[in-house]
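Asks: I'll drop the sequence and a predicted model, then ask my questions.
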Amino acid sequence: MSDDAPDTVHADIGIVYATGIEIAPLLDRCDRIRKYLGGKFTFRGARLGEIRIAFVQCGLGASRARQATRALLDGHAPKWIISAGFSGALQPDLKIGDIVVGNALLDEEGRTLAIDLGMPADPAKGLYVGRLLMARQLVRTVAAKRTLAEKHSALAVDMESLAVAETCRDAKVRCLAVRAISDDLSADLPPEILTMVGDTGSVRLGAALGAIWKRPGSVKEMWHLRETAHVAAERLADFLEGVIEQLYAADH
């Protein structure tokens, strides 16, 4: 079977993520990977040992996350869905690579969805459990993050988790939100990040090259961003691998 052939086998676990860099290290640990396009989304079927996983890259934002989650549910009927990826720290204790698991997902309009996890936090090992805020757009500056933290009392911010969880709730499918901190409160993200990542989650090479041309100093910032993303993605893969195995074992 070719790499483009659809994998129509039902999955044990579904993973919804926004950009390829977030999930690449986990995919590297899988085998029997098959990639196909379904509508406007990219899907992958894979095995982690004997566990069947269906991945969908949703791109940025709540609307795309809802659509991709519905498509994943319709196509693969997983018993669990995990909203996985990066998040921005809203609290000063959170560092690059720390893991946040949401036990309450909320948005800027005040909608909240509780997830009864029974999972203990372990800050000494970089594991936090708490409120995860879904923002309408990428939160780039430290000042904006502090404002959101004060208003919503959340640990971290992303752009998809509540939308994924609400879709799962409506479908009566169990859901987790697992996020790795990719940017902390030590510095603003470079302004070019707003144009470099497209709505589909792909990196716009032209925008990146244009940013370097217009502001040569951005090269150092983008290199740092790449390094922190790599740290966060590897840490996310470590944590997700353990979670996936535990969820599968609990259902078998």
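Replies: Cool, the structure landed. Keep in mind that this is a model prediction, so the values were computed, not measured. Numbers count the residues shown, from 1 in each chain.
Asks: Ile81: what secondary structure?
Replies: Reduced to three states with DSSP: H, G, I helix; E, B strand; the rest coil, the structure at Ile81 is strand.
Asks: Bridge partners for the residue nearest to the spatial centre of the chain, pull those for me.
Replies: In the chain, the C-alpha nearest the mean C-alpha coordinate belongs to Gly85, at 1.9 Å (CA atoms, centre = their mean). Partner residues in beta bridges with Gly85, using DSSP bridges, are Arg179.
Asks: Hmm, Ala18 and it touching each other?
Replies: Yes: the pair Gly85 and Ala18 qualifies as a contact (CB atoms under 8 Å) at a distance of 5.2 Å. Glycine gets a C-beta too; all of them are placed from N, C-alpha and C.
Asks: list residues touching both of the two?
Replies: Taking CB atoms under 8 Å, 6 or more residues apart in numbering as the contact rule, the neighbours common to Gly85 and Ala18 are Glu160.
Asks: Now do the contacts for the residue nearest to the centre of the chain.
Replies: Under the criterion of CB under 8 Å, 6+ apart, the neighbours of Gly85 are 17-19, 22-23, 158, 160, 179-180, 236.
Asks: from the residues you listed, which ones fall inside strands?
Replies: When DSSP state E is applied, the contacts of Gly85 are split such that 17, 158, 179-180 fall in strands.
Asks: got TSV for those residues, with pLDDT and distance to Leu132 too?
Replies: As requested, the ones in strands among the contacts of Gly85 are arranged in TSV below (pLDDT from 0 to 100; distance: CB to CB, whole Å):
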residue	pLDDT	distance to Leu132
Tyr17	97	15
Asp158	97	7
Arg179	98	7
Ala180	98	12
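Asks: Just put the residues you listed in JSON lines and tack on distance to His10 and neighbour count.
Replies: Formatted as JSON lines, the ones in strands among the contacts of Gly85 follow (distance: CB to CB, whole Å; neighbours: other CB atoms under 10 Å):
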{"residue": "Tyr17", "distance to His10": "20", "neighbour count": "26"}
{"residue": "Asp158", "distance to His10": "27", "neighbour count": "28"}
{"residue": "Arg179", "distance to His10": "26", "neighbour count": "29"}
{"residue": "Ala180", "distance to His10": "28", "neighbour count": "27"}
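Asks: Include distance to Ala77 when you put those residues into a markdown table, please.
Replies: Rendered in a markdown table, the data for the ones in strands among the contacts of Gly85 read as follows (distance: CB to CB, whole Å):
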| residue | distance to Ala77 |
| --- | --- |
| Tyr17 | 19 |
| Asp158 | 25 |
| Arg179 | 25 |
| Ala180 | 27 |
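Asks: Please name the bridge partners of the residue lying closest to Leu132 once chain neighbours are set aside.
Replies: The spatial neighbour of Leu132 that comes closest, neighbours along the chain excluded (CB to CB, 6 or more residues apart in numbering), is Gly102 at 3.4 Å. The residues paired with Gly102 through beta bridges, assigned by DSSP bridges, are Gly130.
Asks: Could you number the chain from 31 rather than 1 from now on?
Replies: That works, and once the first residue is 31, the last one we named lands at Gly132.
Asks: Would you enumerate the residues in contact with Gly132?
Replies: So, once contact is read as CB under 8 Å, 6+ apart, Gly132 ends up touching 145, 159-162, 191, 195, 206-209.
Asks: Relative to Asp58, how far out is it?
Replies: Distance check for Gly132 against Asp58: by CB to CB, to the nearest Å, it reads 25 Å.
Asks: For this structure, which helix or strand comes out least confident on mean pLDDT?
Replies: Ranked by mean pLDDT, DSSP states H and E, the weakest helix or strand in the chain is helix 235-244, scoring a mean of 48.
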